[in-house]
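Asker: the following comprises the amino acid sequence and a computationally predicted model.
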Amino acid sequence: MPAPAYLDHAASSPLRPEAFDALVTHLPLEGNPSALHVAGQRARRALEEARERLAAAVGAAPGDVVFTSGGSEADSIALIGGMRARRQQGRTRCLVSAVEHPAVLGMLQRGAEALPVTRDGVIDVDRALESIDGDVGVVSVMAVNNETGICQPLADLCAAALGHDAWVHTDAVQALGHVPVDFRASGVDMMSLSAHKVGGPVGIGALLVRRSVTPAMVGLGGGQERDIRSGTGAVALAAAFAAAAATATESLEAETVRLGGMQARIMAVSRELGGDVSTALAEHAPHITNVTFAGTRANDLLFLLDQAGVYASVGSACRAGVHQPSEVLLAMGRTSDEAAATLRFSTGHSTTDADIARLEEVLPTALRQARAAF
Amino acid sequence: MRVLAAMSGGVDSAVAAARLVAAGHEVTGVHLALSKNPQSYRTGARGCCSLEDSHDARRAADVLDIPFYVWDFAQEFQEEVVDDFVAEYQAGRTPNPCLKCNEKIKFAAVLNRGLALGFDAVATGHYARLVQGEGGVELHRAVDPEKDQSYVLGVLTQEQLRHSLFPLAETPKTEVRAEAERLGLAVAKKPDSHDICFIPDGDTQGFLSRYLGEEPGDIVDADGVTLGIHHGSHNFTVGQRKGLDLKIPAPDGRARYVLRIEPVNNTVVVGAREDLRVRTFRGIRPSWTQGPVEGPWRGLAQYRAHGTPMDATISLRDGELVVELDEEASGVAPGQSVVVFDGDRVVGSATINEAR
């Protein structure tokens, strides 16, 4: 069998060589970056260089970068810490879109209100604007959806939020490296990023935070990261993250074309086989393709593709190995049967034409079998 | 062969899978998620539906270096097994959900999906023996009489047996544990599960009460004289002696037992031990391992998972399995399954509808 086709970059993208080099270069470095001696100063220097490099890659000032353990922690600080700070200022409402990652959507259990999306997976801007008032502390709408790849109209939202002085947070984990990301130009106040979705290591991410905004500390500790996040600076991880983000951003233009071409092929073969491509309903990133194959169980399809050497995903959360119906697709008005028949293919820096050819080759057989098993 | 090894997270199914790997089959491990909220089944080393069990199954598959998946059959399990279990109790019967699970889930829904996805057979860690006979695949008792599980497999048909594998057929349990130890399987010392998997605390009455609530009714003797009240007839099973809490003692002062449950008027009928004795069962929905046998023929009948097989004359009359025992049996409840054997070979089974 030829090499397997890894089409699950949105779950985790393989480490880029540049990130690997940065990681192994910095791992042996001694010293805690908060220590005052020379060893500490060297570690600190490497950490700050990583911060500057990452900031430059995403249109942020170095001081905006708060390193975290990953995207989920960044989201948690923005939402929980953000609302804690805003309540001090008398603002009690939190709005999150209905198609967020669980790290944001979890705020619904803490009293947040959901901003509905249309069948096209885009937030209903008019209704969102109506919802925003002077009581809103934080509004969170993701830049690129992790299941559908669909982009959200952040600029409209920021304009509305600005008028009411609400903080705008965006989970840009799937945006980085796939669509242009410019933190300062975007108008948002806080932005979550993750290293391993762009070929950096797992275990590090960042929350970009404007200087005018200070979410409360969520975890206890020394407040090493701008008194917003605690814990010893992870120098090697930060250096590797910065290397991955810089490489991804430098190659963004070419990759947009390259991955866009692959996405067109994935959409074409899916449609030929009766698939319904939700990603195509609105403006979208080039690396994620969300397809519903009615009359199948996505789990069966995943299994058959896995056996045939194609690694795909359903995109939604998984509990004890069992996929839960996608909240994102349900929020888009899909039935739970449709949600249970939906796959996500996601490409990235290491994806080749041969990977797509492999998918084109095995998908018809897998679909035939999955439909027979339904 | 491409084999789907159902891995519960216990030692038996792990060793069964290991043997298939050693025999050169292409083995894929699958754990069945049978509970809608596995979180609530976080109960340690019991049952087969908890998160720990799923984890144990996955780690066993890792040791065997086979692909592993979790298949979600929670909805099917709820409808076919749990709802049926509750409905049977509500109807005054005493079901065995393990047979139902084998009949409707493991060797039906799972097997069918496996076959459709390109597998040739489903393997489990059940202790039973498959023998290629003249009339097709025969289901026999396992070599280890202590562990023999042919009773709970008695509902399988020829078509199901043809696609089943029981690699532990010839092996005593102690050897299975030793083998697990040698293979480095962490579940080697994991205790056996005995309870109904979806009632891990063993409190069947509490479980049923959550579904059925409390519905007080009379406890009467065979003449219809009221002796006490109960809080739901599902709390009783035929042959039960404890928990009756009768205010009026029997005239002869002897213990009284549940003789039958009458769900229509929500009445529990009690009487003397002798009145529990039965000679004849009539079983509905008979199933056959190798096709119907009209009879009458001489065989063995077993009506409990670990019950003693009893000599009987067995026949098929008007679509019902009729079992006439040589000697009287005691405590037979409608809803139980009777499995009939020719020596060690399972011939068929039915659900007891009437015993007298």
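Answerer: Sure, I can see it. Remember, predicted model here, so these are calculated numbers, not experimental data.
Asker: so where's chain B shaky on pLDDT?
Answerer: Flagging of chain B using pLDDT under 70 yields the residue ranges B:37-50.
Asker: tell me the residues of it that contact chain A?
Answerer: Within chain B, the positions near chain A by CB under 8 Å from any CB of the partner chain are B:31, B:33, B:38, B:51, B:54, B:58, B:67, B:69-72, B:74, B:113, B:116-118. From N, CA and C alone the C-beta is placed, and that goes for glycine too.
Asker: now, which of those residues lie within strands?
Answerer: B:31, B:33, B:69-72 (DSSP state E).
Asker: switch these over to JSON lines; also include distance to A:A159.
Answerer: Output for those, formatted as JSON lines (distance: CB to CB, whole Å):
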{"residue": "B:H31", "distance to A:A159": "50"}
{"residue": "B:A33", "distance to A:A159": "46"}
{"residue": "B:Y69", "distance to A:A159": "47"}
{"residue": "B:V70", "distance to A:A159": "46"}
{"residue": "B:W71", "distance to A:A159": "48"}
{"residue": "B:D72", "distance to A:A159": "44"}
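Asker: now do the domain split for the chain, please.
Answerer: Just going to use chain A. As given by automatic domain parsing, the domain ranges for chain A are A:5-14+A:251-373, A:17-250.
Asker: my bad, the chain I had in mind was chain B
Answerer: Domain ranges of chain B: B:2-189, B:215-271, B:276-355, per automatic domain parsing.
Asker: how many other residues sit next to the spatially closest residue to B:R59 that is not a sequence neighbour?
Answerer: Nearest in space to B:R59, with sequence neighbours left out and distances taken as CB to CB, 6 or more residues apart in numbering or on different chains, is B:A186 at 5.9 Å. Residue crowding around B:A186 was assessed by other CB atoms under 10 Å in any protein chain shown; the count is 15.
Asker: B:A186 and A:T247, how far apart?
Answerer: B:A186 sits 41 Å away from A:T247, going by CB to CB, to the nearest Å.
Asker: same check on A:S316?
Answerer: Separation of A:S316 from A:T247 (CB to CB): 29 Å.
Asker: for the closest residue to A:A114 other than its chain neighbours, what are its contacts?
Answerer: Among residues not flanking A:A114 along the chain, A:A98 sits closest, at 4.4 Å (CB to CB, 6+ apart). Counting by CB atoms under 8 Å, 6 or more residues apart in numbering or on different chains, A:A98 touches A:105, A:114-117, A:123, A:327, A:331.
Asker: same check, this time on A:S34
Answerer: A:40, A:44, A:222, A:224, A:232-233.
Asker: just the buried ones out of those, please.
Answerer: Buried members of the contacts of A:S34, counted by 16 or more other CB atoms under 10 Å in any protein chain shown: A:44, A:224, A:233.
Asker: which among those gets closest to chain B?
Answerer: Closest approach to chain B among those (CB to the nearest CB): A:G233, at 33.6 Å.
Asker: surely that closest one touches A:E48?
Answerer: No - in this structure A:G233 lies outside contact range of A:E48 using CB atoms under 8 Å: 9.3 Å.
Asker: which helices and strands does the longest helix anywhere in chain B pack with?
Answerer: With secondary structure taken from DSSP state H, chain B has its longest helix at helix B:51-64. When contacts are defined as 3 or more CB pairs under 8 Å, 6 or more residues apart in numbering or on different chains; DSSP states H and E, helix B:51-64 packs onto helix B:11-22, strand B:26-33, strand B:68-72.
Asker: starting at the chain centroid, how far to it?
Answerer: Distance, stretch centre to chain centre, for helix B:51-64: 24 Å (CA atoms, centre = their mean, to the nearest Å).
Asker: tell me which residues of that helix are tucked away?
Answerer: Those would be B:51-54, B:56-61, B:63-64, for helix B:51-64 by 16+ other CB under 10 Å.
Asker: can you redo these as a markdown table with distance to B:D83?
Answerer: Below are the buried residues of helix B:51-64 laid out as a markdown table (distance: CB to CB, whole Å):
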| residue | distance to B:D83 |
| --- | --- |
| B:L51 | 23 |
| B:E52 | 26 |
| B:D53 | 22 |
| B:S54 | 23 |
| B:D56 | 28 |
| B:A57 | 25 |
| B:R58 | 29 |
| B:R59 | 32 |
| B:A60 | 31 |
| B:A61 | 31 |
| B:V63 | 36 |
| B:L64 | 35 |
